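# sequence and predicted structure, then a few things I'm wondering about:
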Amino acid sequence: MNMFMQISTLVKTSKSVIFTGHSIGGTTASLAALWLLSYLQSNFENLSVLCITYGSPLLGNETLSRAILRERWGGKFCHVVSKYDLMPRILFAPLDTIGPHIKLLLKFWHLYMTSPHCGPLDVQRNEEFMAEIFQFVLSHLRGLVEAGEEAVTGMFRPFGNYLFCSGDGAICVDNAAAVIKMMYLLLKTGSPSCSIEDHLKYGDYVGRISSQFLEKKSFMLGELPESRYEAGVALALQSLGISSQEPVAGPAGDCLQAARRMGRTPNLNCANLAIKLSKINPYRAEIEWYKAWCDRSDDQMGYYDSFKQRGASKRVSKVNMNRHKLARFWDNVINLFESNQLPHDFQRHRKWVYASHFYKLLVEPLDIAEYYRAGMHRSKGNYINHGRERRYQIFDRWWKGRNVRDEDNRRSTFASLTQDTCFWAKVEEARGLLDDVRSTRDQRHSALLWEKIDFFARHAKKLVEAKEVSIDVVAKNSSYSLWLIDYNEMKLQMLQFRPQFPSFMNGEIVP
């Protein structure tokens, strides 16, 4: 409870929170970060969260890893792993077998930290035990690498970014399969004693890496490859102290190349989507033109009602076809996003946040019109709870999650598009509520209906006065304008013999 209160205070007073932890403390840091991310998501809070662990054992299985990918949280975790450290690798071995060994390892590390001179002597006395556990973990890692992705299912699985470090530098890998393979290949070049001692050297490694960023690196391991890409891979391996002559250099290089290819895919998909977005913009433009035509029409029905009550014409058929084409495009965006085929911060890219929001403002009123035109509300229920497409709910979250400054955005003219995209669905519900009031004889039920009606009336009045609606909302023959006339007439009738509705005394609601 105390920790919850501390973090709640941090959320209110800070712009970012960083969790860190070494060894088992790293798992605590990861769990705390996951809890905070879940809390922020459920409360729509905007706070930057980062978790850095050092030599931390694995935390969860494939299910947790996929959940973190699905929520786009992978980029918020950086797990620093030294070249030979046994602790981050130990849970790849069966837990029932390795459990007793972990207690002894923790005892050794504690002795190292409290008695630096006695620690190495204790390790020497237990060389046989150290060699046994080293080979045990190494053999299980080898089995996982040889078996491939299928073998990791149901077992502990890496998530987030892994920064592999040595005295010569560091490289970062974010693909789970590549992380496992690099863990194996690096441990393979070590020894039992190194695997124990390396767990306590993170302070030295981080200090060296920080200073190396200020130094100019040179290729010191023989002739530089002609290919820039191969040279980059060779330099990355050099950062881990692996020369091109070592047996693991080939497999490690292949692993990094495969990870890079997989890492490029989300960015390529994003670039391809940008091209497709430019190609569908004419469909959106045609719908915008149709809205402008409706707003100028002599029938004064407006955008929503003109589409809902449309007849057979080429113009409207084209608009309806474009509506479906845009829906397919954005559904494809959502599918790529949720299957982790786009960059982890895609939903924060300004271009895509604003493009999806504009699409929602422009097209959702047409979806609502079609829903009620087809009578789907009678078989499925109201649009907001039973008919709204999931993509709109996702775009709502993207829009709320954007970084914006608190500014005074009061409008002097009506918005080009109604900012409450479910406004017309609420109008349809309010129309139905008025019909229910007319047909009911139960005074209690009637009172409940009037509470809902009055709530919407206040909401609509607030939007209109703030000019948060498009001009089609207040068109003379729009559904809202006609509903408002009906509402005010019924309100006057109710005032004559229902004085128990004090909310009606607040004055007439006008557009």
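Structure received.
# so where's the protein uncertain?
1-4, 44-45, 115-126, 148-154, 211-245, 247-264, 403-409, 496-511 (pLDDT under 70).
# domain ranges for it?
When the chain is parsed with automatic domain parsing, its domains come out as 2-213, 265-403+411-506.
# could you point out which of those sits nearest E246?
The closest of the domains of the chain to E246 is domain 2-213. By C-beta to C-beta, the value is 7.0 Å. Quick note: C-beta positions are derived from backbone N, CA and C, even for glycine.
# off-centre distance for the closest one?
Relative to the centre of its chain, domain 2-213 is centred 23 Å away, using C-alpha atoms, centre = their mean, to the nearest Å.
# now render the domains of the chain as a markdown table, adding mean neighbour count and distance to E246.
A markdown table is the format used below for the domains of the chain (neighbours: other C-beta atoms under 10 Å; distance: least, C-beta to C-beta, whole Å):
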| stretch | mean neighbour count | distance to E246 |
| --- | --- | --- |
| domain 2-213 | 17 | 7 |
| domain 265-403+411-506 | 16 | 30 |
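# now the strands for the stretch 301-450 of the chain?
Secondary structure of the stretch 301-450 of the chain (DSSP state E, counting those that start in this stretch): no strands present.
# cool, and the stretch 1-150 of the chain?
Using DSSP E, counting those that start in this stretch, the strands of the stretch 1-150 of the chain run over 16-22, 48-54, 77-82.
# of all these, which one is nearest L484?
strand 48-54 (44.8 Å).
# can you list the strands that that closest one pairs with?
The pairing partners recorded for strand 48-54 under DSSP bridges are strand 16-22 (parallel), strand 77-82 (parallel).
# among those strands, which is nearest L342?
Nearest of those (C-beta to C-beta): strand 77-82, 18.6 Å.
# contact partners of the closest one?
26, 30, 33, 50-56, 68, 88, 158-166, 170, 172, 183, 198-199, 201-202, 205-206 (C-beta atoms under 8 Å, 6 or more residues apart in numbering).
# among those residues, name the ones in helices.
Residues of the contacts of strand 77-82 located in helices (DSSP state H): 26, 30, 33, 68, 183, 202, 205-206.
# show me the two of those residues that sit farthest apart.
So, those by C-beta to C-beta: farthest apart are I68 and Y205, at 25.4 Å.
# what's the helix or strand for the closest residue to L434 other than its chain neighbours?
In space, and not counting its chain neighbours, L434 is closest to D486: 6.0 Å by C-beta to C-beta, 6 or more residues apart in numbering. Element membership for D486 (DSSP states H and E) is helix 479-497.
# so what does that helix touch, helix or strand wise?
Where contact means 3 or more C-beta pairs under 8 Å, 6 or more residues apart in numbering; DSSP states H and E, helix 479-497 is packed against helix 302-308, helix 423-439, helix 443-465.
# TSV for the ones you listed, including distance to L37?
Shown next, in TSV, are those (distance: least, C-beta to C-beta, whole Å):
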stretch	distance to L37
helix 302-308	38
helix 423-439	32
helix 443-465	32
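# so for F346, which of these sits nearest?
Of the helices and strands packed on helix 479-497, nearest to F346 by C-beta to C-beta is helix 423-439, at 28.2 Å.
# can you list the residues that contact that closest one?
By C-beta under 8 Å, 6+ apart, helix 423-439 touches 304, 365, 368-369, 371-372, 377, 382-384, 388, 418, 420, 446, 449-450, 452-453, 456-457, 459-460, 463, 469, 473, 479-480, 483, 486-487, 490.
# try it again with 6 Å
304, 365, 368, 372, 382-384, 446, 449, 452-453, 456, 479-480, 483, 486 (C-beta atoms under 6 Å, 6 or more residues apart in numbering).
# then stretch 460-475?
Contacts of stretch 460-475 (C-beta under 6 Å, 6+ apart): 295, 300, 302-303, 411, 414-415, 417-419, 480, 509, 511.
# quick one: which of those sit in helices?
295, 302-303, 480.
# let's have those in TSV, adding distance to I394.
Formatted as TSV, the ones in helices among the contacts of stretch 460-475 follow (distance: C-beta to C-beta, whole Å):
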residue	distance to I394
D295	29
G302	28
Y303	24
Y480	27
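# which of these lies closest to D96?
Using C-beta to C-beta, those come closest to D96 at Y303, 65.6 Å.
# surely that closest one meets K291?
Yes: if you go by C-beta atoms under 6 Å, Y303 and K291 touch, sitting 4.6 Å apart.
# excluding chain neighbours, what is closest to F159?
S65 (4.2 Å).
# if I look at that neighbour, how far off is E146?
Distance of S65 to E146, given as C-beta to C-beta, to the nearest Å: 21 Å.
# go on, Y303?
62 Å.
# how about E465?
Applying C-beta to C-beta to E465 and E146 gives a distance of 69 Å.
# for the stretch 51-200 of the chain, what spans make up the helices?
62-70, 95-114, 118-125, 127-147, 176-188, 192-197 (DSSP state H, counting those that start in this stretch).
# need those in JSON lines with distance to W424, can you?
Listed next are those as JSON lines, based on distance: least, C-beta to C-beta, whole Å:
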{"stretch": "helix 62-70", "distance to W424": "32"}
{"stretch": "helix 95-114", "distance to W424": "56"}
{"stretch": "helix 118-125", "distance to W424": "72"}
{"stretch": "helix 127-147", "distance to W424": "55"}
{"stretch": "helix 176-188", "distance to W424": "45"}
{"stretch": "helix 192-197", "distance to W424": "65"}
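# between those, which one is nearest to W352?
The nearest among the helices of the stretch 51-200 of the chain, by C-beta to C-beta, is helix 62-70 at 17.6 Å.
# quick check: angle from the closest one to strand 77-82?
Orientation note: helix 62-70 sits at an angle of 120 degrees relative to strand 77-82 (axes from the mean of the first three to the mean of the last three C-alpha atoms, to 10 degrees).
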